[in-house]
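*Asks:* this is a predicted model, with the sequence first.
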Amino acid sequence: MLVQIAWRNIWRNKTRSFVVIGSIVVGLWASIFILAFAWGLYKNNIDESVNRQLSHIQVHHPGFADQQESKYVIKNSDSILSMLKKDDMVQSASMRTIVKGMITSPTTVSGVTIYGISPKTEIKQIGLNQNLIEGDYFASGKDNEIFIGEKLAKKLKIKLRSKVVVTFTDIHASIVSGAFRVGGIYRSRNLSLDEVNVYVQKQSLDNLLGLQHSQSNELAILLKDESALDSYITYVRQLMPNQKVEDWKDLAPDLELVIESFNLYTYIISGIILLALTFGIVNTMLMSVLERIRELGMLMAIGLNKRKIFLMIMLETLFLTLIGCPVGLLVGWLSVLVLGTYGINIAIFSEGLASYGFSSIIYPALDSQNYWIVAIMCLITALLSAIYPAYRALQLNPAESIRKI
């Protein structure tokens, strides 16, 4: 009987009930949208870092990992690379020569990391060809082409076909220099990397360093399915037991921290939004109690005890929440589905976002467990919000309440 009374009570004033339901729907939608937007922002950054910079697995000589000196190489890396490319689990694999040095233009000088790459192999990994805004991707056939970021080009005050000189230390600790012409200028989604990373052909850099072409400082492996990462990295470690094999989580612990911390962010962001929702529910339910003082006094007078009065008001809030939650979840899910397909273009902030490695087009996304977390938090919030109005109802004096006009 108490359940029936509570259910009928919420529809006696439809406007007030729909205000509470609407507040719950808006609160849930806002929580889901903000979380999905935040995760889409970070997921885009993670995917870009893995697919265009780190790859899933990197292999280095233990000495190179510690000291970043080009003399620490992986021997016979070409034969290992051929073996990896034949594996069905591997989408792409490449070997790179890496050295830190200085790049000099006619006007200024800047510190850079020079990557010696195999142009065809890196199309699926670094994707330099897709980021070019000027020039052609190693199309001239010349060995002295260098590709630099737009931000670095502005810093050096150079343009396409300009001549630059790179200086670094070879494997014998001798300082060597090489003259290159700018074959292309690129702009990636991470402007901070554009300022320090330059790319040349591996063969040219190997000749300057004194390395054999079968040697490399880094092997990068991109998998077709990331879920196979744990098993495949074990295989690579067995294949090259004397080398340091790391996955992208080891290489970029900050990205791993984002993933591990996202559930905490879920609680914090949802908590802030639902705290605002709390005031709306408390206010509305308190109005409901104060408008029904005479009714509640009559129920107490005919024998309805305080425990049942308290339970009735809590049931009313529960019913409103159980109506609002599914609607809010549905609206939130549809918003994420649509916006996750077409994306949100925030190009107006592209310059600032690119400085931190974020894309200007965000595709909101959210795991199913986060929907449940938000829904449960909303339910708990609503029930806690009803405690004070229910408590106020218990303070009523039946004799005085029934005479209330």
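*Replies:* Alright, I've got the coordinates.
*Asks:* this structure: strands as residue ranges?
*Replies:* Assigned strands in the chain, in chain order: 57-60, 90-104, 109-117, 132-135, 145-149, 163-169, 175-186, 197-201, 218-223, 244-247, 344-345, 361-362 (criterion: DSSP state E).
*Asks:* my guess is Asn370 meets Thr266, correct?
*Replies:* Yes. If you go by C-beta atoms under 8 Å, Asn370 and Thr266 touch, sitting 5.5 Å apart. (Glycine included, C-beta is placed from N, CA and C.)
*Asks:* so what sits against both of these two?
*Replies:* By C-beta atoms under 8 Å, 6 or more residues apart in numbering, Asn370 and Thr266 have these common neighbours: Leu35.
*Asks:* so which of the strands of the chain is nearest Met287?
*Replies:* Smallest distance to Met287 across those (C-beta to C-beta): 37.4 Å, for strand 344-345.
*Asks:* which elements pack onto that closest one?
*Replies:* Counting contacts by 3 or more C-beta pairs under 8 Å, 6 or more residues apart in numbering; DSSP states H and E, strand 344-345 is packed against strand 361-362.
*Asks:* so what does the strand it packs on touch, helix or strand wise?
*Replies:* For strand 361-362, the packing partners by 3+ C-beta pairs under 8 Å, 6+ apart come out as helix 14-49, strand 344-345.
*Asks:* give the partner strands of the last one in its sheet and their orientations.
*Replies:* The pairing partners recorded for strand 344-345 under DSSP bridges are strand 361-362 (antiparallel).
*Asks:* need phi/psi at Asp170.
*Replies:* Dihedral angles of Asp170 (phi, psi; degrees, to the nearest 10) stand at phi -80, psi -170.
*Asks:* of the helices and strands packed on strand 361-362, which stretch is the most buried?
*Replies:* Highest mean neighbour count of the helices and strands packed on strand 361-362: helix 14-49, a mean of 20 (counted as mean count of other C-beta atoms under 10 Å).
*Asks:* that one: how far from the chain's middle?
*Replies:* The chain centroid and the centroid of helix 14-49 are separated by 16 Å under C-alpha atoms, centre = their mean, to the nearest Å.
*Asks:* average pLDDT across that helix?
*Replies:* When pLDDT is averaged along helix 14-49, the result is 84.
*Asks:* which elements pack onto it?
*Replies:* helix 253-291, helix 306-342, strand 361-362, helix 368-385.
*Asks:* sort out which residues of stretch 233-241 are buried, please.
*Replies:* Residues Ile233, Val236 are the ones in stretch 233-241 that count as buried (16 or more other C-beta atoms under 10 Å).
*Asks:* could we number from 565 for the rest of this?
*Replies:* Done: numbering now begins at 565, and the last item shifts to stretch 797-805.
*Asks:* give me the contacts around it.
*Replies:* The contact list for stretch 797-805 (C-beta under 8 Å, 6+ apart) reads Ile621, Val623, Ile638, Ile644, Met647, Ile785, Val809, Asp811.
*Asks:* make it 7 Å
*Replies:* Outside stretch 797-805, the residues that touch it by C-beta atoms under 7 Å, 6 or more residues apart in numbering are Ile621, Val623, Ile644, Ile785, Val809, Asp811.
*Asks:* okay, now the domains of the protein?
*Replies:* Using automatic domain parsing, the domain parsing of the chain gives 566-613+819-965, 626-806.
*Asks:* end to end, how far does the last one reach?
*Replies:* Looking back up the chat, that one is domain 626-806. This stretch, domain 626-806, spans 8 Å end to end (C-alpha to C-alpha, to the nearest Å).
*Asks:* quick one: mean pLDDT over that domain.
*Replies:* Across domain 626-806, pLDDT averages out at 90.
*Asks:* so what's the residue minimising distance to the centre of the chain closest to, chain neighbours aside?
*Replies:* Centroid-nearest residue in the chain: Tyr606, 1.6 Å away (criterion: C-alpha atoms, centre = their mean). Nearest residue to Tyr606 in three dimensions, chain neighbours excluded: Val822, at 5.2 Å (C-beta to C-beta, 6 or more residues apart in numbering).
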